[in-house]
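> sequence and predicted structure are below.
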Amino acid sequence: MYNWNWHIISSYKIVFVQGALVTIELTFFAVILGTVLGAALAFLKKSRNPMFSFIAKVYIEIFRAIPILVLLIWIFYVIPILFDWRISAFVAAVVALSMNLSAFVAETVRAGLESIPQSQSESGLALGMTSRQVTAKIVMPQAVRNMIPNLMGLYITELKNSSLASIIAVNEILHRSNILISETFRPLEIYTVVAVVYLIIILPLVYLSRWFERRLAKADKPIFGMNYEISH
Amino acid sequence: MKSAISIQNISKKFGTLEVLKNISFDVPVGRVLAIIGPSGSGKTTLLRCLNLLARIDDGKIEMNGFSIINKPTNFNIRVLREKVGMVFQQFNLWPHKTVIENLIEAPMLVRGLSRSEATEKAKIFLKRVGLADKANEYPSRLSGGQQQRVAIARALAMEPEILLLDEITSALDPELVGEVLNVVREIVAEHKRTILLVTHEMGFARDVADEVIFMDKGIIIEQGKPDDLFRDPKQERTRQFLQRILNY
Ligand SMILES: Nc1ncnc2c1ncn2[C@@H]1O[C@H](COP(=O)(O)OP(=O)(O)OP(=O)(O)O)[C@@H](O)[C@H]1O
Ligand SMILES: [Mg+2]
């Protein structure tokens, strides 16, 4: 029977806390960047300019296909050699994670935009609004509601994916734990704590996203088009 | 008499399907033109061409002396649409906005009214369609008839000179048709706007229209005063259509 030693964990508590903070920070930047980039790609793909839409299409195909780990290593090791341009491991991780995320966000945003019937835009255009105004005031607010469940899922996955950054020595929780193991030789305790920390961060997000979904499902305002009945 | 809408030989194709073939007509300022015809005859397409939601392939449209050929600029399109209101068969209200927000959006964005100015005006139009008490409801809380009246108020809030009404009662339960038609009757009675309406309500068309056009397969088959066209159609096809729809 393995002899657990939990004492060691409490003396290194701070390592886990700091690691978790870096994990959250990394995910945060990747999510922000990935979402902005992804939304831009979705609009680029819809663009009437065939060049723009082609570039967006190719980007999305490529970054959905490349494994994050490969992308991470490539950005961290290959770019510095090719361009003689040093980037920190943290920045490399943010870039790799957000590039990957953006490809998936782009598809989610596209699907969300397409979920709003054309007739919604047309009633805006018919009143003299520009297509930009129609997108901003009519289509996007409704489309975002439809995107939220999917986006939340992507963000939660992104948080899990951030552990891959340990491979290029970003100081997130998994990497710090690996170092700690080499000093303390207590892998079972330490990996158990890592798993628990991930659970503590992710479970509230999962519940939050379910709450969102439920709220959207029973909202006053129908998610698609019009509801011709009076609901009581 | 001055024309609000003047259409000369317009045609429109979807792929190889000719939906409008060489259509011409005039609507004098302040008059009401009703368009009737079987499903698929191109009535909706015609209205959509008038506010440039669809592009004509050939011909010329003049609205308020403003001429449209088949390649208008974005700016010209918006100038035109500001003056031309449209109400759709399926209402097309914005479900994420309250009734009053549906009404003030375009006046604020397009005409540059402040929120309070736009809201004041919107309330007047809501009252005119009998829905002053629904200002803060979401559209999904309203009946179909109420939604359509909101859609009419939304179009009126831009104070258009021309109104295009596309079968605005077709999606409604029969008992809700009357309330919407009454609102249109009141607008007609003001004699302020030129109105082009597509309808299956023959009695209504006969009442409010100054002129009626019967269309079939993209062609104007017959045009005349409502009393003449409904009582004594000159064309066999018009006669058949009216017989079918009145016996329905
Ligand atoms: N965007 C489009 N692309 C291709 N075909 C179209 C399009 N819009 C309309 N059509 C076709 O054009 C023809 C005329 O359609 P339109 O909607 O103008 O008829 P309508 O007279 O309004 O009929 P209804 O009384 O059923 O509303 C139909 O055959 C229709 O299928
Ligand atoms: Mg139609």
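Here it is on my side, so go on. Ligands and ions are numbered 1, 2, ... in the order given.

> all contacts plus neighbour counts: C-alpha atoms, from now on.
OK.

> just read off the phi/psi values of residue 5.
Reading this off chain A. Torsion angles at A:Asn5 (phi, psi; degrees, to the nearest 10) stand at phi -130, psi 90.

> you looked at the wrong chain, it should be chain B
According to degrees, to the nearest 10, B:Ile5 has phi -130, psi 130.

> next, count neighbours for the closest residue to it other than its chain neighbours.
Leaving aside its sequence neighbours, B:Ile5 sits nearest to B:Met63 (Cα to Cα, 6 or more residues apart in numbering or on different chains; 4.6 Å). Using other Cα atoms under 10 Å in any protein chain shown, B:Met63 has 21 other residues around it.

> is B:Met63 in a bridge, and if so with what?
On the basis of DSSP bridges, B:Met63 is bridged to B:Ile5, B:Phe66.

> and it, what does it touch?
B:Ser3, B:Ala4, B:Ile5, B:Ser6, B:Leu80 (Cα atoms under 8 Å, 6 or more residues apart in numbering or on different chains).

> and of those residues, the nearest to chain A?
B:Leu80 (7.8 Å; Cα to the nearest Cα).

> what pLDDT is listed against the closest one?
We have a pLDDT of 88 for B:Leu80.

> quick one on the thing from earlier: distance to A:Leu82 and neighbour count added to the contacts of B:Met63, as JSON lines?
Formatted as JSON lines, these follow (distance: Cα to Cα, whole Å; neighbours: other Cα atoms under 10 Å in any protein chain shown):
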{"residue": "B:Ser3", "distance to A:Leu82": "70", "neighbour count": "18"}
{"residue": "B:Ala4", "distance to A:Leu82": "67", "neighbour count": "21"}
{"residue": "B:Ile5", "distance to A:Leu82": "66", "neighbour count": "23"}
{"residue": "B:Ser6", "distance to A:Leu82": "66", "neighbour count": "19"}
{"residue": "B:Leu80", "distance to A:Leu82": "56", "neighbour count": "24"}
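
> how about these in a markdown table, adding distance to B:Gly130?
Converted to a markdown table, those look like this (distance: Cα to Cα, whole Å):
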| residue | distance to B:Gly130 |
| --- | --- |
| B:Ser3 | 31 |
| B:Ala4 | 29 |
| B:Ile5 | 30 |
| B:Ser6 | 33 |
| B:Leu80 | 29 |
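
> any stretches of chain A with poor pLDDT?
Across chain A, the ranges flagged by pLDDT under 70 are A:218-232.

> could you rerun that using 80?
A:1, A:216-232 (pLDDT under 80).

> show me what the helix or strand of chain B at the bottom of the mean pLDDT ranking is in contact with.
Lowest mean confidence among the helices and strands of chain B (mean pLDDT, DSSP states H and E): strand B:66-68, at a mean of 80. Contacts to strand B:66-68, defined as Cα under 8 Å, 6+ apart, come from residues B:Lys60, B:Ile61, B:Glu62, B:Leu80.
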